[in-house]
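In: give me the fold of what follows.
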Amino acid sequence: MSCFLIGSPVPGMMIRPKGDQLEIRYSMSDPESWNGFVQNLNAFLSSYNDSHQVQLNDDCPPDQYFIQEDSGEVRNNPKRSCQFNRTMLGDCSGLEDRFYGYSKAQPCILIKLNRVAHFLFAVTSLSKSSHYVDVQGAKRPSHVVCLQKEDREKTGPLAYFPVNATFNLMYYPYYGKKAQVNYTQPLVAVKFLNASLNTDINMECKVTSNTLLAGSERDKFAGRVSFKLRIDGQEAQ
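Out: A predicted model of the protein is given here:
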């Protein structure tokens, strides 16, 4: 029988691409300023290619945990993993737009939760069986909210991929690197469609849920990440 951590501790959260001190800053007119972000995303997403996922991982039924119990002292290893295909990231997959929006003022940011072995989201019903990423703070239960800390008008409209912006339950629990060698973390991509130019946009993303405990004041970075976005360029006439 496995022991699972339900609802606590809250996993940490990270973004991709990686920038200096969690700052994504570039100029649309200078490819060298954003090429590093593009290469970082390409490298990070290589293991999410559909052909790779189909070969190694299972096409799992959604909205339910993928629990693989051991039998007494007999370990059920290696444990299987569920597919997270790169195409699920839509406009932020890098497949149709190889620059992930960085050549325009429409950059993509990928959000992921850190791996915590045997962690399960606590849920109360199938209608609350996934945890959402929601930038701009729409009032929906069980989601990750990304808020502009100051003037929200700077953020502009956003698009989410997958469109329901969830970390589906089928990717949990994670059993550890040795037991689950092909595991790939679920992602949510956030695409800024019309962010303000030539100004700092301070964002914070955090896990919020009716059934998930918030990070404590002692660990303010549990279940959340802050980053700065700045896009320099000429405003459209």
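
In: helix or strand for the residue nearest to the spatial centre of the chain, which one?
Out: The structure's the chain has its C-alpha centroid closest to residue 111; by Cα atoms, centre = their mean the separation is 2.5 Å. When elements are defined using DSSP states H and E, residue 111 is found to belong to strand 108-113.

In: end to end on stretch 64-79, go ahead and measure it.
Out: Its first and final residues considered, stretch 64-79 spans 16 Å by Cα to Cα, to the nearest Å.

In: what are the contacting residues of that stretch?
Out: Residues outside stretch 64-79 that contact it (Cβ atoms under 8 Å, 6 or more residues apart in numbering) are 1-2, 58, 60, 80-82, 120, 129, 169-173, 175, 178-182. For glycine as for every other residue, the C-beta is placed from the backbone atoms N, C-alpha and C.

In: show the buried residues in those.
Out: With burial judged by 16 or more other Cβ atoms under 10 Å, the buried subset of the contacts of stretch 64-79 is 60, 81-82, 120, 129, 169-173, 175, 179-180, 182.

In: for the residues you listed, which one is nearest residue 202?
Out: Distance to residue 202, by Cβ to Cβ, is smallest for residue 171 among the buried ones among the contacts of stretch 64-79, at 29.3 Å.

In: got the phi/psi numbers for residue 39?
Out: Main-chain dihedrals, residue 39, degrees, to the nearest 10: phi -60, psi -40.

In: separation between it and residue 198?
Out: Counting by Cβ to Cβ, to the nearest Å, the separation of residue 39 from residue 198 is 25 Å.

In: give me the helix or strand of this structure that scores worst on average pLDDT.
Out: When each helix and strand of the chain is scored by mean pLDDT, DSSP states H and E, strand 130-135 comes last, with a mean of 52.

In: residue contacts, the residue nearest to the centre of the chain?
Out: Going by Cβ under 8 Å, 6+ apart, residue 111 touches 13-15, 133, 144, 146, 187-190, 205, 225.

In: if we use 10 Å, what do you get?
Out: Neighbouring residues of residue 111 by Cβ atoms under 10 Å, 6 or more residues apart in numbering: 13-16, 133, 135, 144, 146, 160, 165, 167, 186-190, 205, 225, 227.

In: same question, residue 29
Out: Contacts for residue 29 were tallied using Cβ under 10 Å, 6+ apart; they are 103, 232-234.

In: in strands, which of those residues appear?
Out: Assignment to strands by DSSP state E places the following of these there: residue 232.

In: list the buried ones in stretch 43-63?
Out: Along stretch 43-63, these residues count as buried under the neighbour rule (16+ other Cβ under 10 Å): 44-45, 48, 52-53, 57, 60.

In: of those, which pair is most distant in space?
Out: Pairwise distances across the buried residues of stretch 43-63 peak at 22.1 Å for 44 and 60 (criterion: Cβ to Cβ).

In: tell me the SS of the closest residue to residue 23 other than its chain neighbours?
Out: With Cβ to Cβ, 6 or more residues apart in numbering as the criterion, residue 23 has its nearest non-adjacent residue at 4.5 Å, and that residue is residue 228. Assigned state for residue 228: strand (three-state reduction, DSSP: H, G, I helix; E, B strand; the rest coil).

In: in CSV: the buried ones among the contacts of stretch 64-79, plus distance to residue 33 and secondary structure.
Out: Output for the buried ones among the contacts of stretch 64-79, formatted as CSV (distance: Cβ to Cβ, whole Å; DSSP: H, G, I helix; E, B strand; the rest coil):
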residue, distance to residue 33, secondary structure
60, 40, coil
81, 36, coil
82, 37, strand
120, 41, strand
129, 41, coil
169, 39, helix
170, 38, helix
171, 34, helix
172, 37, coil
173, 40, coil
175, 40, coil
179, 41, coil
180, 38, coil
182, 35, coil
